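Peer 1: sequence first, then the predicted structure:
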Amino acid sequence: MSRLLTRLAAIFFAVGVFLTSQCLATPQRAAAADPGYLMLHFTGEGSTGQQMYLSHSTDGLHWNDLNDGAPILRSTVGTKGVRDPALVRSPDGSKYWIIATDLCWGCGSTVDGSINNGSRSIVVWESTDLVNWSEPWLLNVAGAIPDGRNAWAPEAIFNPETNDYVLYWATNVPLDGKTKHRIFYARTKDFRSVTTPQIYIDRPGAQELIDTQIVEVPAGVGNYRYVRASGDGQITLEGSNSMLGTWTHLGNLSGIGLTGAQVEGPMWMKFRDRDEWTLYLDQYASRGGYMPVTTTNPSAVATYKLPASGSYHMGVNKKRHGSILNLTAAEESRVLARWPSTPAKRLQSYNFQDRYVRHANYDVRIDQNVGTSPDSQFRIRPGLASSGTVSFESVNFPGYFLRHSSNDFQLVRNDGTAQFAADATFRQVAGLADSTWSSFQSYNHPDRYIRHYAYQLRLDPITTATARGDATFRVTN
């Protein structure tokens, strides 16, 4: 419990601290042009930090924040915050899932409430291409555990012995006279239903156990097919040749000065060009984010090494407990095309220059005093329906675009349909009231333009001088 209290103290010290500057360096391709690595993670506390972020690396050690450091997905279910995500790829590469803790520290939650009466569900997204994601849903994994009180840090790995996924997570539960977090598991094929949860890992006495991640090791390296790293007061390593079989204690990383009082959130990555792995560890106690510990044999504790000074760079955003995927060339191409460097912009009204386009409760209007509010920030993407056009994606609701429907504008999630793409696509032309500004002509109703009327955004024909002013905007920072 002392580790848990230390962890909570570190978490709440950071509540309210938000990143105010984010950037993306252009990824540099490796000389051999091998595909790189994708990290899914969260960044910290608050409703913005506890969302889904992506980073890319060409060498597994130097990371660039994608999407200009902004979230790529935002939870709209449960607590509306997500932490500790895992990125799961099906064996044939036809499906992907994101699973994450349904928890928002500092967003109305309390320490006792989150530990003893937290969400028993995890948040799940699904994709067929790694870039277009479903709406999130809640999967109740701990509801069937008698007096199970939460569900934290989910992970999943495909098990060829049972042809399904072993889904495992931490739940706080009283058992055998001790109330503490233990690792439970269930099996699933689709992340929509699970088998009855069973205890997967328990430690003696009152020892807490929250974070575990498994890596599969190829034949010829060490004595075990699977190695798992767990945060349990130490960073403990165990090996097994059967995912649901017996696990053997291998040791811990205290020999290189790392204990569970300092680091957590173990995250494995295999270098694609050599027999070497890195075990990323989140320096939560010092609020330092991830650092890599390397090894040539995950099951041999003596082979782990601390990183040399200057040997890695984690990018601008702090990386917290997440998951790394070795990309294929096709996956990398899609990911980098979907989340390029596109700085956030605002749309300033021509005839009410103290007002900017913003969304509020998914409605769209022009308002005063929005400053640099994320509600008034958009990324101007290549048009969803046609080249040479633009679409407006929300910064703080990634995947949501300005869309017209019955001549009204809403902020709506992209459903991938041709109709949505057409409704959310516009031609940027010289401003109808001032050619140094811009106007935006509808792609599928070319006789109409974006304009404001009674401060609400509309799609209308433009026939008067007043309307021309209403339909003119400046694209600004």
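Peer 2: That came in fine, so what should we check first? Residues are numbered from 1 along each chain as shown.
Peer 1: just the strands in the stretch 351-477 of the chain please.
Peer 2: 355-360, 363-368, 378-382, 390-394, 400-405, 408-413, 426-430, 438-442, 449-453, 456-460, 473-476 (DSSP state E, counting those that start in this stretch).
Peer 1: so which of those strands comes closest to Asp59?
Peer 2: Closest approach to Asp59 among the strands of the stretch 351-477 of the chain (Cβ to Cβ): strand 378-382, 27.4 Å. For every residue, glycine as well, the C-beta is placed using N, CA and C.
Peer 1: output the contacting helices and strands for the closest one.
Peer 2: When contacts are defined as 3 or more Cβ pairs under 8 Å, 6 or more residues apart in numbering; DSSP states H and E, strand 378-382 sits against strand 390-394.
Peer 1: Trp251 against Leu237, yeah?
Peer 2: Just so we're on the same page, residue 251 is Gly rather than Trp. Yes. Gly251 is in contact with Leu237 according to Cβ atoms under 8 Å; the separation is 5.8 Å.
Peer 1: mutual contacts of those two, please.
Peer 2: Val301 (Cβ atoms under 8 Å, 6 or more residues apart in numbering).
Peer 1: about what we covered before: reformat the strands of the stretch 351-477 of the chain as JSON lines; add mean pLDDT, distance to Ala330 and mean neighbour count.
Peer 2: Converted to JSON lines, those look like this (pLDDT from 0 to 100; distance: least, Cβ to Cβ, whole Å; neighbours: other Cβ atoms under 10 Å):
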{"stretch": "strand 355-360", "mean pLDDT": "97", "distance to Ala330": "34", "mean neighbour count": "22"}
{"stretch": "strand 363-368", "mean pLDDT": "97", "distance to Ala330": "35", "mean neighbour count": "18"}
{"stretch": "strand 378-382", "mean pLDDT": "95", "distance to Ala330": "19", "mean neighbour count": "19"}
{"stretch": "strand 390-394", "mean pLDDT": "97", "distance to Ala330": "23", "mean neighbour count": "24"}
{"stretch": "strand 400-405", "mean pLDDT": "97", "distance to Ala330": "25", "mean neighbour count": "21"}
{"stretch": "strand 408-413", "mean pLDDT": "97", "distance to Ala330": "25", "mean neighbour count": "20"}
{"stretch": "strand 426-430", "mean pLDDT": "98", "distance to Ala330": "30", "mean neighbour count": "16"}
{"stretch": "strand 438-442", "mean pLDDT": "98", "distance to Ala330": "33", "mean neighbour count": "22"}
{"stretch": "strand 449-453", "mean pLDDT": "98", "distance to Ala330": "35", "mean neighbour count": "23"}
{"stretch": "strand 456-460", "mean pLDDT": "98", "distance to Ala330": "37", "mean neighbour count": "19"}
{"stretch": "strand 473-476", "mean pLDDT": "97", "distance to Ala330": "33", "mean neighbour count": "16"}
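Peer 1: neighbour count for Gly251 and Leu237, which is higher?
Peer 2: The neighbour comparison of Gly251 against Leu237 (other Cβ atoms under 10 Å) goes to Leu237, with 25 against 16.
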